[in-house]
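A.B. asks: Sequence first, then the predicted structure:
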Amino acid sequence: QATTTTTANATTSSQQKSTVKPPSMMKTMSHLLEEQGLRGFFKGVSMNWVKGPIAFSISFTAFDTIQGWIETESEKEKKRFTGVQRRMTNKMERRITNHEDG
């Protein structure tokens with residue numbers, strides 16, 4: 001019977017915790033405005049501006065490096081061929097455009 005009472009008490013206390021409502025967005029914002037002023041809303045923004053491009057660069061470099069490791073030779077050759085083909089097509093288009101203009 002003691003175990004049943006303990007379980008019932010634990011259930012009751014967890015139910016009481018769940019009925020406590022968190023503060024609303026407006027209450028939180030007004031509290032922040034009172035405590036820290038308008039600057040409180042922008043706290044940490046400058047560090048996010050600094051770390052954002054750094055994090056993006058690291059992610060992009062890591063992705064590119066890992067992709068290079070797992071790529072097969074045929075996929076690498078296909079990319080090389082596509083790049084060469086694209087450059088040749090651009091040269092041809094420029095020649096045609098120059099001849100039409102002249």
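C.D. replies: Looks like it came in fine. Numbering: from 1, shown residues only.
A.B. asks: going forward, measure contacts and count neighbours with C-alpha atoms only.
C.D. replies: Fine.
A.B. asks: May I have the predicted confidence score for the residue nearest the centre of the chain?
C.D. replies: The centroid of the chain falls nearest to residue 56 when counting by C-alpha atoms, centre = their mean (8.3 Å). With respect to pLDDT, residue 56 scores 94.
A.B. asks: Same check on the one 4 residues further on?
C.D. replies: Listed pLDDT for residue 60 reads 93.
A.B. asks: Helix or strand: which one has the residue nearest to the centre of the chain?
C.D. replies: helix 45-70 (DSSP states H and E).
A.B. asks: low-confidence ranges in this protein?
C.D. replies: 1-18, 81, 83-84, 99-102 (pLDDT under 70).
A.B. asks: What segments of it are helices?
C.D. replies: Along the chain, the segments classed as helices by DSSP state H run 2-19, 25-36, 45-70, 73-101.
A.B. asks: okay, the angle between the helix holding residue 56 and helix 73-101?
C.D. replies: 110 degrees (axes from the mean of the first three to the mean of the last three C-alpha atoms, to 10 degrees).
A.B. asks: name the helices or strands packed onto helix 45-70?
C.D. replies: Packing partners of helix 45-70 (3 or more C-alpha pairs under 8 Å, 6 or more residues apart in numbering; DSSP states H and E): none among the helices and strands.
A.B. asks: quick one: the residue nearest to the centre of the chain from residue 89, how far?
C.D. replies: Going from residue 56 to residue 89 by C-alpha to C-alpha, to the nearest Å gives 32 Å.
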